[in-house]
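K.L.:
Show me the folded form of this:
(one chain, ligands or ions: 2)
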Amino acid sequence: MNLTQADLRLAGERPFGRMIEEAGKSNFNFALYDTNRDGIVTERELGFLIIDNGTQRMAANRPTTPICIRTRQNIQICAKLALAGHRPALSDMAHELSHSLGTTDLYGDYKLSENLSLMGNLRFPYVDDDMRLFHLDPWHKMALGWHRPTILSLREPHMGIPLHAKASDSPYNSYILYDPARGNREFFMVEFRTPNSTSASGVTRAIYDTDVPGTGVVIWHVNLGSNLQPRNLAAPPHHVPGIFALGAHLSMLNENRVWQSGTTTPPLRWNDGTSAGGAKIWVHNFPANATDITISVGQQLTAQVPPSAIALERDTDRPGADILNRETSTVDQCAALCRGDSQCRAFTHYHGRCWIKNSVPAARPLTGATSGVIAGGQFENDTDRPGADILRTPLATADQCAALCRGDARCRAFTHYQGNCWLKNSVPAARPLRGAMSGVVPR
Ligand SMILES: [Ca+2]
Ligand SMILES: [Zn+2]
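P.N.:
Ligands and ions are numbered 1, 2, ... in the order given. Alright, predicted model coming up:
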């Protein structure tokens with residue numbers, strides 16, 4: 001046994017080396033856990049949590065390597081070991097055990113992840129036997145292979161996205177918001193956190209993420225290095241971890257970073273200060289005991305047609321259905337005129353004049369004319385249009401639901417609610433429904 005106390009201890013804390021030696025001498029059958037039968041037990045095969053009776057609340061994770069321990073059964077232990085005193089916080093033990101799986105600390109001077117990730121500044125070293133516990137941040141869940149988020153581009157608006165706080169894995173447990181031009185090392189992750197959980201009997205109880213400080217959306221800014229591990233942001237004299245939860249502004253540092261019902265973020269910004277396309281995140285209203293909510297992402301968070309939803313048609317006229325015509329020098333001005341009129345469904349710009357239309361007349365070739373069709377119609381927030389269903393299908397966003405309706409000649413209206421899309425062959429009366437988005441498609 002070459003291992004010495006000095007190999008493993010935190011400065012003068014405890015005889016880690018002795019504890020591990022003793023474990024190796026025990027009759028515990030480590031060979032049972034050498035699943036790939038290479039004579040070595042690693043942290044991929046067995047989790048080690050060593051609790052001593054000498055220290056109180058300290059916790060750490062130390063590898064046995066480069067020196068490995070040889071056990072009585074002539075098996076080597078070359079593993080990461082979670083170490084704890086006998087009265088540590090539960091979160092400290094979970095934190096140290098997770099290091100054996102490869103998690104990374106997200107500490108920082110501003111406590112940006114405090115109480116929102118097991119890897120943040122969440123520890124309670126001054127309280128004996130503290131039982132508070134939080135989930136890992138969504139990046140760690142993804143990195144560990146526990147969860148696959150839904151990926152959305154910040155280049156397009158996404159209206160009415162379902163977001164689920166459920167213990168079971170769902171594609172709507174978190175989203176990655178990214179800019180294709182920016183690559184895969186800097187992006188945002190969005191999740192819904194709540195201490196509530198709906199049981200089979202429908203009773204809301206605090207069993208999921210019990211001690212998260214508030215109910216709402218947590219927005220993570222993720223910065224990775226070339227090894228795709230969190231890259232700490234050098235901002236001397238302060239330290240900011242590579243993954244941190246966004247507050248509304250700097251004055252919110254050290255405050256609750258849960259975005260509550262009905263709140264809207266300022267435009268998201270990248271670390272170099274540039275705007276992420278002006279995109280904001282809008283948390284739709286939700287009741288206090290919600291476990292499923294709805295958010296939207298985009299520049300315009302009101303019920304407006306997003307500018308990108310206009311499909312331009314070159315050398316095309318759409319004669320008829322005119323509600324207004326006016327001189328405009330550019331197609332953009334004509335499109336803006338249409339967007340600014342709630343009745344406008346299409347427009348044609350020709351020889352410096354703009355016609356806006358309250359329906360979408362048939363297209364005809366006309367050299368020099370540019371037409372445009374409003375793709376989406378207006379979204380009706382928190383609105384259901386029950387009945388007249390011709391199709392129901394799971395779809396992540398209300399945008400996709402609207403597109404499905406536009407592509408189906410029978411469809412006159414749609415409702416998107418909790419990740420499902422209903423298409424309707426008439427326009428049923430509107431009824432309020434929190435989290436639902438409906439729309440009427442002009443035909
Ligand atoms: Ca092995
Ligand atoms: Zn740690």
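
K.L.:
Who are the contact partners of the one residue sitting closest to the centre of the chain?
P.N.:
Residue closest to the mean C-alpha point of the chain, counted by CA atoms, centre = their mean, is residue 190 at 2.4 Å. Going by CB atoms under 8 Å, 6 or more residues apart in numbering, residue 190 touches 163, 174, 175, 177, 217, 218, 219, 220, 281, 295. For the C-beta atoms, the positions are set from N, CA and C on the backbone; glycine is no exception.

K.L.:
which element is it on?
P.N.:
Using DSSP states H and E, residue 190 sits in strand 186-193.

K.L.:
Specify which member of the contacts of residue 190 is nearest to ligand 1.
P.N.:
residue 174 (32.9 Å; CB to the ion).

K.L.:
Now for that closest one, how many residues are close by?
P.N.:
By the criterion of other CB atoms under 10 Å, residue 174 has 24 neighbours.

K.L.:
these two touch, right, it and residue 152?
P.N.:
No - using CB atoms under 8 Å as the test, residue 174 is too far from residue 152 to be in contact (10.9 Å).

K.L.:
Just give the number of residues close to residue 329.
P.N.:
11.

K.L.:
got a list of what the closest residue to it other than its chain neighbours touches?
P.N.:
Spatial nearest neighbour of residue 329, chain neighbours left out: residue 352 (6.1 Å); criterion: CB to CB, 6 or more residues apart in numbering. By CB under 8 Å, 6+ apart, residue 352 lies in contact with 327, 328, 329.

K.L.:
So which of these belong to strands?
P.N.:
Using DSSP state E, the subset of those located in strands is residue 327.

K.L.:
Make CSV from the contacts of residue 352 and add pLDDT and distance to residue 274 to it.
P.N.:
Output for the contacts of residue 352, formatted as CSV (pLDDT from 0 to 100; distance: CB to CB, whole Å):
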residue, pLDDT, distance to residue 274
327, 91, 37
328, 87, 31
329, 86, 31
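
K.L.:
Reformat the contacts of residue 352 as a markdown table; add distance to residue 366.
P.N.:
Formatted as a markdown table, those follow (distance: CB to CB, whole Å):
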| residue | distance to residue 366 |
| --- | --- |
| 327 | 18 |
| 328 | 17 |
| 329 | 19 |
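
K.L.:
starting at the chain centroid, how far to stretch 370-387?
P.N.:
26 Å (CA atoms, centre = their mean, to the nearest Å).

K.L.:
just stretch 418-428 next, same as before
P.N.:
Distance, centroid of stretch 418-428 to centroid of chain: 26 Å (CA atoms, centre = their mean).

K.L.:
Not counting that stretch itself, show me its contacts.
P.N.:
Contact with stretch 418-428 is made by 162, 172, 292, 294, 385-396, 398, 400-401, 404-405, 408, 410-416, 435, 440, as judged by CB under 8 Å, 6+ apart.

K.L.:
Separate out the buried members of those residues.
P.N.:
For the contacts of stretch 418-428, a burial check counting by 16 or more other CB atoms under 10 Å picks out 162, 172, 292, 294, 385, 395-396, 398, 400-401, 404-405, 411-416, 435, 440.

K.L.:
Which members of the residues you listed occur in helices, if any?
P.N.:
398, 400, 401, 404, 405 (DSSP state H).

K.L.:
Have a look at those residues and tell me the least confident one.
P.N.:
Taken together, these show their lowest pLDDT at residue 400, with 80.

K.L.:
about what we covered before: send me the strand holding residue 190 as CSV with only the CA atoms.
P.N.:
Output of strand 186-193 as CSV, limited to C-alpha atoms (Å, rounded to 0.1, in the frame of the first residue of the first chain):
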residue,chain,number,x,y,z
GLU,A,186,-22.3,30.2,-26.4
PHE,A,187,-26.0,29.8,-26.0
PHE,A,188,-28.9,30.1,-23.5
MET,A,189,-30.8,27.4,-21.8
VAL,A,190,-34.3,27.9,-20.4
GLU,A,191,-36.1,25.8,-17.8
PHE,A,192,-39.1,26.0,-15.5
ARG,A,193,-38.4,25.5,-11.8
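
K.L.:
Can you tell me the strand partners of that strand and which way each runs?
P.N.:
Here strand 186-193 is paired, per DSSP bridges, with strand 174-178 (antiparallel), strand 216-223 (antiparallel).

K.L.:
okay if I get those strands as a markdown table plus mean pLDDT?
P.N.:
Output for those, formatted as a markdown table (pLDDT from 0 to 100):
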| stretch | mean pLDDT |
| --- | --- |
| strand 174-178 | 96 |
| strand 216-223 | 94 |
